[in-house]
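Novice: Model the structure of this input:
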Amino acid sequence: KKKNMEQKRVLNVNVGILGHIDSGKTSLSKSLSTIQSTAAFDKSPQSKERGITLDLGFSAFVVDLPPHLENDPAIKGSYDKLQFTLVDCPGHASLIRTIIGGSQIIDMMLLVIDVTKGIQTQTSEGLVIGEITTDTMIIILNKVDLLPEESRKDRVSKLEARIRTALKRSKFAQAPMIAVAAHSGANTEKLPPAATSVGLETLIETMKEKVKIPKRSPKGNFIYSIDHCFSIKGQGTVLTGTVLSGSISVNDTIELPVLKIDRKIKSMQMFHKPLKTAQQGDRVGICITQFDPSLLERGIAVAPIGSVPTFKTAIVNIERIPYFKSNIKRNTKIHISIGHETVMATPIFFSLKESECVGLEKDKFDWSKNYFYQNELPFLTSKKIDDKEKQEKLTYWAMLDFETPITCPVGSVYVASRLDTDIHSNTCRLSFYGKLLSTVSEEKTEANHSRTDLKVYKEKCREGAIDRVVDDNTVIGRGFFKKGTDFSRYLGLKVKEVNEAGQQTRQGVLESPFGKTGKYKI
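Specialist: Model prediction:
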């Protein structure tokens, strides 16, 4: 019977738990979890000493497959159980790098809000990360046991209304809200969490109801996000993390590209249960031998060897975050979080009108296009959001020059932020995000593009005056050029005629020079 249970396939769904510091995320994880990993519930000495979460924590619980998944043709008969892997993210502002690093493995999100304090700074940043990484969110109104019973219902209803207003413009406007108390009442230390908690059954049922089939495929290159690394005497070194793409088996060889080291897989486990094969979405521990764990805290492992590039310059697309309220000038140093790395980078922005992007693939970069240079990336004001359908919108890209080399696959999601902002200020520090579309080499090769392949132009405008009218459709102009200017490069350029109010009245073409004094025919 035990052997048959081990052969059953478990569908793993990664659930990110985010929120402001001390909103009760770790208590919620403890209350829900029945399985702990080696990196769960603030086990590090620093976390215990400071009483807050300093790193990603992983734990899990297993439930029966809900009916809508059990009967789904895409997975029918493939899985017997559903495992929710809880990714407990730190809420402290200075640890946003760690949160962003963990966001790439999230399928569903729980946004935890302290019901006695409402929306706080890291609540907003958690919401932004949720918008980037997932379509499924459940909002947890935690610590309801701290509200007086006689006014609890009214205060929870008022907070729900405020949150609905804040989420009105987000894709989580209709996200379910559940009031819970992860540890209700006093003197509960000797009781199991389930015996002292409020609202957890409703939460678990809602999670089962809202869960979607995560996109999983064993195809493609194997990419594994490593979040912890430690040694076990007599066994070897264990890497713990999540498979981002592809699949891997025991005895396969993986590469640690940052270190240029490759090792054979000795064994694998998922929450203490042996595995022979792991695929995209699985949370697994991989045991390798002859590797010093002090060499790697976080990073990626890949297969085949050499499948992930290392680079210092890249092209990315841009989605602006409306909660960020500052323009970003070109050549301003910003923090780029990609994978588990956060590196300083200098951006050069460029754009196309949306009407010129017809036919362009969003996740690919067209090197043949001529792009318009942008001196800055403007922030999205509320007015611009309201009127955006009336305007000719721009699609933005950037070329990022990193201070230190980056190793990650093309297609990776990144987040740009201003982490130098005062962590006590009530402002969102996440400015824009997108995908890595292409790497850029110093020199052009058959396989790689270089800087000189990028066609970015600045629009320049000269003002002149009409010298005399030849006929209804022809005028002679002056003031564009100095005497003796070579006109050949300017012929055929558009010329606009404007009235005294600055309104365009006609448009023409610069046809030829007129005489030798710098005049021209339009």
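
Novice: May I have the longest helix anywhere in the chain exported as CSV, CA atoms only?
Specialist: Longest helix of the chain, by residue count under DSSP state H: helix 149-166. Output of helix 149-166 as CSV, limited to C-alpha atoms (Å, rounded to 0.1, in the frame of the first residue of the first chain):
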residue,chain,number,x,y,z
GLU,A,149,-16.0,40.9,18.4
GLU,A,150,-18.8,43.5,18.6
SER,A,151,-17.2,45.7,15.9
ARG,A,152,-15.3,43.0,14.0
LYS,A,153,-17.7,42.4,11.1
ASP,A,154,-18.2,46.2,10.5
ARG,A,155,-14.4,46.9,10.5
VAL,A,156,-13.6,44.0,8.2
SER,A,157,-16.4,45.2,5.7
LYS,A,158,-15.0,48.7,5.7
LEU,A,159,-11.4,47.4,5.0
GLU,A,160,-12.8,45.2,2.2
ALA,A,161,-14.4,48.3,0.6
ARG,A,162,-11.1,50.2,0.8
ILE,A,163,-9.1,47.3,-0.7
ARG,A,164,-11.7,46.9,-3.6
THR,A,165,-11.2,50.6,-4.4
ALA,A,166,-7.4,50.2,-4.4
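
Novice: what's it packed up against?
Specialist: strand 137-142, strand 177-179 (3 or more C-beta pairs under 8 Å, 6 or more residues apart in numbering; DSSP states H and E). The way it works is simple: take the backbone N, C-alpha and C, and place the C-beta from them, glycine included.

Novice: Rounded mean pLDDT for it, please.
Specialist: Helix 149-166 carries an average pLDDT of 90.

Novice: what distance separates that helix from the centre of its chain?
Specialist: 30 Å (C-alpha atoms, centre = their mean, to the nearest Å).

Novice: could you check the angle strand 137-142 makes with it?
Specialist: With axes from the mean of the first three to the mean of the last three C-alpha atoms, to 10 degrees applied, the angle from helix 149-166 to strand 137-142 works out at 150 degrees.

Novice: Return the set of buried residues in helix 149-166.
Specialist: 156, 159, 163, 166 (16 or more other C-beta atoms under 10 Å).

Novice: Distance of the second one relative to K143?
Specialist: Same thing as L159. Going from L159 to K143 by C-beta to C-beta, to the nearest Å gives 11 Å.

Novice: repeat for the last one
Specialist: According to C-beta to C-beta, A166 stands 19 Å off from K143.

Novice: swap in the third one?
Specialist: Using C-beta to C-beta, I163 is found at 15 Å from K143.

Novice: got it, and the first one?
Specialist: As defined by C-beta to C-beta, V156 lies at a distance of 11 Å from K143.

Novice: Common neighbours of those two, please.
Specialist: Common neighbours of V156 and K143 (criterion: C-beta atoms under 8 Å, 6 or more residues apart in numbering): V115.

Novice: circling back: most packed of the helices and strands packed on helix 149-166?
Specialist: strand 137-142 (a mean of 24; mean count of other C-beta atoms under 10 Å).

Novice: Quickly run through the sheet partners of it, with directions.
Specialist: strand 108-114 (parallel), strand 177-179 (parallel) (DSSP bridges).

Novice: residues shared between the contacts of L159 and K143?
Specialist: If you check L159 and K143 against C-beta under 8 Å, 6+ apart, the residues they both contact are V115.

Novice: Past the helix or strand of the chain with the lowest mean pLDDT, which element shows up next along the chain?
Specialist: Scoring the helices and strands of the chain by mean pLDDT, DSSP states H and E places helix 45-50 at the bottom, with a mean of 38. Using DSSP states H and E, the helix or strand that follows helix 45-50 towards the C-terminus is strand 57-64.

Novice: And that following strand, how far out from the chain middle?
Specialist: 24 Å.

Novice: what is the mean pLDDT for that strand?
Specialist: On average, strand 57-64 scores 84.

Novice: V13 belongs to a strand?
Specialist: Yes. Under DSSP: H, G, I helix; E, B strand; the rest coil, V13 sits within a strand.

Novice: which residues does it contact?
Specialist: 82-85, 107-108, 211, 214, 281.

Novice: quick one on the thing from earlier: tell me which of the strands paired with strand 137-142 is the most buried.
Specialist: Using mean count of other C-beta under 10 Å, strand 108-114 ranks as the most buried of these, with a mean of 26.

Novice: Now do that strand: everything it contacts.
Specialist: For strand 108-114, the surrounding residues in contact (C-beta under 8 Å, 6+ apart) are 13-20, 22-25, 28, 84, 119-120, 123, 126-127, 129-130, 133-134, 136-143, 159, 163, 175, 207, 210-212.

Novice: what does stretch 199-218 give?
Specialist: 11, 13-15, 31-32, 61, 63, 66, 68-69, 72, 74-75, 82, 84, 107-108, 135-136, 138, 140, 144, 176, 178-182, 194, 245-247, 279-281.
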